[in-house]
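> kindly generate the corresponding structure for this input.
(one chain, ligands or ions: 2)
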Amino acid sequence: MFLKDDISHGYVPFPEKRAAFYKEQGCWENRTHFDLLKENADKFSDKVAVIQNEKQLTYQMLYEYAIHYGSYLKQKGIKETDFILVQSANVIEVFVVIFALYYIGARPVFCLDGHGSYEIENIAKQSRAVGYIRIVDQNNQKDARLITTQFKQPNFSLWFRQTIVSQNTFSESFSMLADIPKDFNLGAQATSTDIAFLQLSGGTTGLPKLIPRTHADYIYSVKESVIAAHLDDQIKQLIVLPVMHNFTMSSPGFLGVFYVGGTVVLSQQSHPRVCFEIIEKYKINQVSVVPAIANLWVNSESRSEYDCSSLDVIQVGGAKLLPTLAQKIVDIFDVKLQQVYGMAEGLVNFTSLDDSLEIILNTQGKKLSIYDEIRIVNHKDEIVELGRQGLIQTRGPYTINGYYNLPKINRRAFTEDGFYKTGDIGYLDNLGNIIVTGREKEQINRSGEKITPSEIEEFLLHHPVIKDVCVIGVEDQYLGERIKALIIPKQNDDQITLRDIRKFLINKNISNFKIPDEIEIVTDFQYTHVGKVNRQKL
Ligand code: AMP
Ligand code: DBH
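Ligands and ions are numbered 1, 2, ... in the order given. So this is what the prediction gives:
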């Protein structure tokens, strides 16, 4: 519907033939995100959709608040197809804001809570956004004021700016709605194949790139994820990762829970005690975390003080989960583990809940859709033999065909026949499971020998005094790169020397060239805004 304008602004749509095919196969349905909420309000009316501390929203309330705040935005001059940056803490008000934007056909740009004004300013420019809505926790208002006043350029085009402070009641949080009538007749013209929103690539280098997702492609990925995660209307999901992240939103995420009429509960912190308490209190069934949080939880002494027996599934994704940690999660929480390998650009893979433990611990599972195409290639873009490691490329019914407004980068990031070059390295086994071994840029090149950090990390995690480890390449005059292991010991006073590490690894009979040249004892790593180890910064 709005395709023409978007294309002139640098949107790369699905090629016609493939689009027709996905529609024909029933992947893309004719509904938008707001249609989904409206149907939910009818079907699940008084069921609780979201809980945060003492506040909760039923599906009907969420629907009405979305219409109310949407009416307000419309009155303020926000138009259909306008891009609005949304930056939010894990608070309940964010759901109202997102669906309000969908209601009036405006399009959110999902920023992470951790982004600073430098990133926000760039995202605003790239997207040509006209507005910025910052949603903060009431305990965190100082940060919000800082960032809202930090934009430097005098003619900066974000003419609509609003900070919503999540307070004890909805009427306090949304006090601006007091004199605004609800207008139930603002129904947007958006169709399901229009851009619904812009997600961000999490890239650990440079600025985030904008990822345009359509209603139809995204809802399709949610629907398939619901099946992969066995969700039904009894589901109680804990949200601990940033609420705006693609994993949290769609794999199956809160949209998956909304899809089936379940309940999500928000946590502002990933701290074990805080989360275990919520799990016990609300009898949470499912939670999605990154490996760093899983590691925190399995090593927490407070685990035994809480009843977490309601937990059926812990999903882990976002970064490589080493088999040793995977095994600990299963043992310590007595749950099913589901590995999820996905990206905001599209493609998602899940291990099946019915897979053997061997597959769940060691692979990232199978592609979500039978229409996903995955190929493993070498540096010349030639397909390698099954089981061989190479670069992962993909295209399919919910993977983008280009970043928004970045033609130059698109020429490098996509192949001529429309495959997205993920930059990830991995292989497929003969059952179709994918095993991600690392990222192209992460590989260490030591005198021409290629080293995959995750392999050495897995060995070192078996060391009795190592709690966590991250292996990186550092520039070296003679070797090109040398191998450095950053180590978090189990106890602060644990003594670990390079000699111990070398001895330990030599005993495992691993190749000499893979043994770290250097170690550093640290108390923590640096993380991205979603909690992936930021190797680039390290
Ligand atoms: P983002 O740019 O934040 O969407 O991150 C997507 C990237 O995260 C992928 O391309 C992978 O490099 C990484 N990733 C996500 N899930 C996994 C996983 N389960 N195992 C290994 N890497 C993962
Ligand atoms: O890391 C990711 O971006 C990610 C991980 C798991 C993702 O986007 C997803 C599932 O959908």
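> residues from the stretch 201-350 of the chain in reach of ligand 2?
Gly202, Asn246, Phe247, Ser250, Ser251, Gly317, Gly318, Val340, Gly342, Met343, Ala344, Val348 (Cβ under 6 Å from any ligand atom). In this view, the C-beta of every residue, glycine as well, is placed from N, C-alpha and C.
> and the pLDDT at the fifth one?
Right, the one you point to is Ser251. Looking at Ser251, its pLDDT stands at 98.
> cool, the last one as well?
pLDDT recorded at Val348 is 98.
> is it in a helix, a strand, or coil?
Val348 falls in the strand class when you classify it by DSSP: H, G, I helix; E, B strand; the rest coil.
> what of the third one?
Secondary structure state of Phe247, per three-state DSSP, is helix.
> give me the neighbour count for it.
Residues lying near Phe247 (other Cβ atoms under 10 Å) number 23.
> now swap in the second one and tell me
Applying the criterion other Cβ under 10 Å, we find 26 residues in the vicinity of Asn246.
> domain ranges for the chain, per the record?
Following automatic domain parsing, the chain resolves into domains at 31-214, 226-440, 443-521.
> out of those domains, flag the one nearest Pro13.
domain 226-440 (6.8 Å; Cβ to Cβ).
> and that closest one, how far out from the chain's middle?
With Cα atoms, centre = their mean, to the nearest Å as the basis, domain 226-440 stands 9 Å off its chain's centre.
> and what of stretch 187-206?
That offset, for stretch 187-206, works out to 14 Å (Cα atoms, centre = their mean).
> tell me which residues in it are buried?
Residues of stretch 187-206 classed as buried: 188, 190, 192-202, 204 (neighbour count, 16 or more other Cβ atoms under 10 Å).
> residues in a beta bridge with the residue in the stretch 201-350 of the chain positioned nearest to ligand 2, which ones?
Closest contact between the stretch 201-350 of the chain and ligand 2, by Cβ to the nearest ligand atom, is at Gly342 (2.6 Å). Judged by DSSP bridges, the bridge partners of Gly342 are Val348.
> so it sits against Asn246, correct?
Yes: applying Cβ atoms under 8 Å as the test, Gly342 and Asn246 come out as touching, 6.8 Å apart.
> now for those two: what residues contact both?
Residues touching both Gly342 and Asn246 by Cβ atoms under 8 Å, 6 or more residues apart in numbering: none at all.
> flag every residue of this structure that's near ligand 1.
201-203, 246, 317-320, 339-344, 364, 422, 424, 436, 439.
> any weak-confidence spans in the stretch 151-300 of the chain?
The stretch 151-300 of the chain contains residues with pLDDT under 70 at 151-156, 203-206.
> where do the strands sit along it?
For the stretch 151-300 of the chain, strands defined by DSSP state E, counting those that start in this stretch occupy the ranges 160-166, 195-200, 210-214, 236-239, 263-266, 286-289.
> quick check, stretch 412-430 touching ligand 2?
No: Stretch 412-430 is not in contact with ligand 2 by Cβ under 6 Å from any ligand atom; minimum separation 10.3 Å.
> pull out the buried positions in that stretch.
Quick answer for stretch 412-430 (16+ other Cβ under 10 Å): 413-414, 418-428.
> ditto for stretch 402-412
Under 16+ other Cβ under 10 Å, the buried positions of stretch 402-412 are Gly402, Tyr403, Tyr404, Asn405, Leu406, Asn410.
> does Gln60 touch Val48 like I think?
No: Gln60 is beyond contact range of Val48, at 10.5 Å (criterion: Cβ under 8 Å).
> Met176: how many residues sit nearby?
So Met176, with other Cβ under 10 Å, has 12 neighbours.
> now do the contacts for it.
Tyr72, Gln162.
> I'd like the buried residues of stretch 402-412 as a markdown table, with distance to Asn534, pLDDT and secondary structure appended.
Shown next, in a markdown table, are the buried residues of stretch 402-412 (distance: Cβ to Cβ, whole Å; pLDDT from 0 to 100; DSSP: H, G, I helix; E, B strand; the rest coil):
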| residue | distance to Asn534 | pLDDT | secondary structure |
| --- | --- | --- | --- |
| Gly402 | 26 | 97 | coil |
| Tyr403 | 21 | 96 | coil |
| Tyr404 | 24 | 96 | coil |
| Asn405 | 25 | 94 | coil |
| Leu406 | 22 | 92 | coil |
| Asn410 | 25 | 95 | helix |
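> and of the residues you listed, the nearest to ligand 1?
Tyr403 (11.2 Å).
> now Arg107: how far from ligand 2?
19 Å (Cβ to the nearest ligand atom, to the nearest Å).
> what's the distance between that residue and ligand 1?
19 Å.
> quick check on that residue: phi, psi?
phi -130, psi 120 (degrees, to the nearest 10).
> what residues are bridge-paired with it?
Phe83.
> re earlier: mind putting the buried residues of stretch 412-430 into a markdown table with secondary structure and pLDDT?
Output for those, formatted as a markdown table (DSSP: H, G, I helix; E, B strand; the rest coil; pLDDT from 0 to 100):
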| residue | secondary structure | pLDDT |
| --- | --- | --- |
| Ala413 | helix | 93 |
| Phe414 | strand | 97 |
| Gly418 | coil | 97 |
| Phe419 | coil | 98 |
| Tyr420 | strand | 98 |
| Lys421 | strand | 96 |
| Thr422 | strand | 96 |
| Gly423 | strand | 92 |
| Asp424 | strand | 94 |
| Ile425 | strand | 94 |
| Gly426 | strand | 96 |
| Tyr427 | strand | 98 |
| Leu428 | strand | 98 |
